[in-house]
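Trainee: no sequence for this one, just the structure:
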């Protein structure tokens, strides 16, 4: 049974049909949903548009179409006796009366379903509730989640976006998509970093002995940083670019993350995370060109600093912020504020009834760094007693608690395929996620 609260089976929030044609941030040749057919999505896109190339950044809605077809094809070729039942609904709790008894899935409407195995694949949680936005709670001028409702930004308005990462980029593109006149957009984050452009680097181009270099340094964040810089310089010396080194490190990230002591992980989150995320999550080149155009025209302003106060007025919001490295505050007046800080994986702040229920009942445990859920082999949820829960699994970005890199399509594909093999009995129970 496939349970979906929005009705967008196989598409989710990321690949839903939207007014603005958002692009994937990864080329078509690296977006297949099947490791057995690495170019499957590219071939699907070429059937729609024969001129599509391997390096093209295609619309996310097209990828949603592909996933719907992929799911439908899987249903058609399923073995005799295997079928998929699709159900709209929201899960409010999962219960297990006894440790060895079947799981009971409780829906928001009170219905109960009994399942032998349950896989949680609920996608990204919404952004965190920011203390500085408390005064705007309930205001029509404030959007706490840019995906929860239409933006409705008008050309004559000025907008404050909290965050300067990928979500900010999506909102800026949508708000300026109708052509001039453009609204005036201010985006602020602690570092003021904006994702750079992707390039046509080869993901397997780096052939150095970087794995041994990184593993030797994996007990110290400082040594890891130095080793990563050595790899980047080596990639450039061989005629490539730094993206090859970042991709190489990313593929080793689960092993490196698991070897780092917790105090070093905390140092990474405090001092390095923002820089890693910006270099790791990059943009289509045409998107970067668009952002540069908006900045030159004075329609987009990127600020590094800290918001200290947001004060609502009748049809405006007064913004007080302090630029990074300075003590004196500055003022802005905007017509609306949009929270684009990205998903909040800290379960201590979660508003999701299901996640709260799982933690409160002891069926799931939040990791100590606020990155998601503690998991064992195949994504089995660790329970409050430190055991991997029987027949209860998680698949999604909150795997980053134990793997760090767990948000890209190819990474999640790997986790999904290993879990599917485990559930269908195709792998030994002693195997572990990579």
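Mentor: Looks like it came in fine. What you are looking at is a predicted structure, and each value in this text was computed from that prediction instead of being measured.
Trainee: what distance do you get for residue 108 to residue 390?
Mentor: According to CB to CB, to the nearest Å, residue 108 stands 25 Å off from residue 390. Quick note: C-beta positions are derived from backbone N, CA and C, even for glycine.
Trainee: these two: which has the busier surroundings?
Mentor: Between residue 108 and residue 390, counting by other CB atoms under 10 Å, residue 390 is the more crowded of the two (16 against 13).
Trainee: may I have the secondary structure class of that one?
Mentor: When the structure is split into helix, strand and coil by DSSP: H, G, I helix; E, B strand; the rest coil, residue 390 lands in strand.
Trainee: from what I can see it touches residue 102, true?
Mentor: No - no contact is recorded between residue 390 and residue 102 when judged using CB atoms under 8 Å, the distance being 9.7 Å.
Trainee: show me where the stretch 201-350 of the chain has helices.
Mentor: Counting by DSSP state H, counting those that start in this stretch, the stretch 201-350 of the chain forms helices over residues 210-216, 221-237, 242-259, 262-267, 273-280, 285-296, given from the N-terminal end onward.
Trainee: if you could redo that for the stretch 51-200 of the chain, that was the one I meant.
Mentor: Applying DSSP H, counting those that start in this stretch to the stretch 51-200 of the chain gives helices spanning 60-76, 166-175.
Trainee: could you dump the ones you listed into CSV with distance to residue 307 and mean neighbour count added?
Mentor: Putting the helices of the stretch 51-200 of the chain into CSV (distance: least, CB to CB, whole Å; neighbours: other CB atoms under 10 Å) gives the following:
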stretch, distance to residue 307, mean neighbour count
helix 60-76, 29, 16
helix 166-175, 14, 22
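Trainee: how is the protein partitioned into domains?
Mentor: In the assignment given by automatic domain parsing, the structural domains of the chain cover 2-88+346-423, 131-190+283-339, 210-280.
Trainee: of all the helices of the stretch 51-200 of the chain, which lies closest to residue 194?
Mentor: Counting by CB to CB, residue 194 lies closest to helix 166-175 out of the helices of the stretch 51-200 of the chain; the figure is 7.6 Å.
Trainee: from the middle of its chain, how far away would the closest one be?
Mentor: Taking CA atoms, centre = their mean, to the nearest Å, one finds helix 166-175 lying 15 Å from the centre of the chain it belongs to.
Trainee: run the chain-centre distance for stretch 141-156.
Mentor: Here the centre of mass of C-alpha atoms in stretch 141-156, compared against the chain's by CA atoms, centre = their mean, lies 20 Å away.
Trainee: same question, stretch 246-258
Mentor: Per CA atoms, centre = their mean, the displacement of stretch 246-258 from the mean C-alpha position of its chain is 17 Å.
Trainee: which strands and helices sit next to the helix or strand of the chain with the lowest mean pLDDT?
Mentor: Using mean pLDDT, DSSP states H and E, the weakest-scoring helix or strand in the chain turns out to be helix 210-216, at a mean of 81. Packing contacts for helix 210-216, counted by 3 or more CB pairs under 8 Å, 6 or more residues apart in numbering; DSSP states H and E, involve helix 221-237, helix 242-259.
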